[in-house]
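Undergrad: model the following, please.
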Amino acid sequence: MSKQIWNNLSLDVAVSIQSELTCKIKSSGCNVETIKTIAGVDLAYWKKDTKEYAVCCIVVLEKESKCITESKFSFGEVNVPYIPGCLAFRELPLILETTQKLDSVPDLYMFDGNGYLHPRHMGIATHASFFLNKPTIGVAKNYYKIKDVEYTMPSNEKFAYTDIVVDGEIYGRVLRTMKDVRPIFLSVGNYIDLDSATKLVCELTNNESHIPIPTRLADLETHKMRGILERNNL
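TA: Numbering: from 1, shown residues only. Have a look, this model is predicted:
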């Protein structure tokens, strides 16, 4: 995927691309029991003078042991404009560049962001799936409100959840991964159903944070690498 292709991206073109992909989403096909490795994906941004940069970090874990098997990153100038609801167009080039550095192909990718929980069901976790050809899950820290629909807070119990329903359709899930913590906002990306995605996220959350381990480690790594790159003027 060339960054130059999307440099002059317009809202109409972006929405058209998303709409074409929406009908190809498959909310099934993944048996979580067969998943062995999971990649957490996140990006961090910074500005220098008039230019904007980003770093993408991917941390791969063994599901059973929760041990890191590898960690890769890519960084560069971001030239693709920000368009609300079209963040994937900015992030995908660096994400795909980083996946190409991995020594092995993860069984599933978990993104710090949304998937189906998006006006056109095309958050980064879903959009990226068409290039990765693997099951994907979106885990966001904040709620992306759609059509002014508010969410219902789940009860204050570990693994309690409520569904986010828009026009009679379930877009995502509000999940409390432990008692007395803020919930996360879970949605499928592609090739997996919501209940399976929920089961996997619960399995991959420990007492260190309410965020699942893969995306938490990717988030920590992006902040570390951003600091290093900024200090070295890269």
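Undergrad: how far away is the residue of the chain most remote from its centre from residue 175?
TA: Distance to the chain centre peaks in the chain at residue 49, reaching 28.5 Å (criterion: C-alpha atoms, centre = their mean). The spacing between residue 49 and residue 175, counted by C-beta to C-beta, to the nearest Å, is 41 Å. C-beta: built from backbone N, CA, C; applies to glycine.
Undergrad: can you check residue 68 too?
TA: Residue 68 is 24 Å from residue 175, by C-beta to C-beta.
Undergrad: neighbour count: these two, which is higher?
TA: Legend: neighbour count by other C-beta atoms under 10 Å for residue 68 and residue 175, higher for residue 175 (22 against 15).
Undergrad: report the separation between the residue lying closest to residue 178 once chain neighbours are set aside and residue 16.
TA: Nearest residue to residue 178 in three dimensions, chain neighbours excluded: residue 158, at 5.0 Å (C-beta to C-beta, 6 or more residues apart in numbering). Distance check for residue 158 against residue 16: by C-beta to C-beta, it reads 42 Å.
Undergrad: for stretch 169-189, C-alpha coordinates in PDB please.
TA: What follows is stretch 169-189, C-alpha atoms only, in PDB (Å, rounded to 0.1, in the frame of the first residue of the first chain):
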ATOM      1  CA  GLU A 169     -28.000  -3.900  15.500                       C
ATOM      2  CA  ILE A 170     -25.200  -4.800  17.900                       C
ATOM      3  CA  TYR A 171     -22.200  -2.700  17.100                       C
ATOM      4  CA  GLY A 172     -20.000  -3.500  20.000                       C
ATOM      5  CA  ARG A 173     -19.800  -4.300  23.700                       C
ATOM      6  CA  VAL A 174     -19.000  -2.400  26.900                       C
ATOM      7  CA  LEU A 175     -16.900  -4.700  29.000                       C
ATOM      8  CA  ARG A 176     -15.700  -4.300  32.500                       C
ATOM      9  CA  THR A 177     -12.700  -6.500  32.800                       C
ATOM     10  CA  MET A 178     -12.500  -6.200  36.600                       C
ATOM     11  CA  LYS A 179     -14.400  -4.800  39.500                       C
ATOM     12  CA  ASP A 180     -14.100  -1.000  40.300                       C
ATOM     13  CA  VAL A 181     -12.400  -0.100  36.900                       C
ATOM     14  CA  ARG A 182     -13.500   1.800  33.900                       C
ATOM     15  CA  PRO A 183     -14.900  -0.400  31.100                       C
ATOM     16  CA  ILE A 184     -13.400  -0.900  27.700                       C
ATOM     17  CA  PHE A 185     -15.200  -0.800  24.400                       C
ATOM     18  CA  LEU A 186     -14.900  -4.000  22.500                       C
ATOM     19  CA  SER A 187     -15.900  -4.800  18.900                       C
ATOM     20  CA  VAL A 188     -15.100  -7.400  16.400                       C
ATOM     21  CA  GLY A 189     -12.800  -6.500  13.600                       C
END
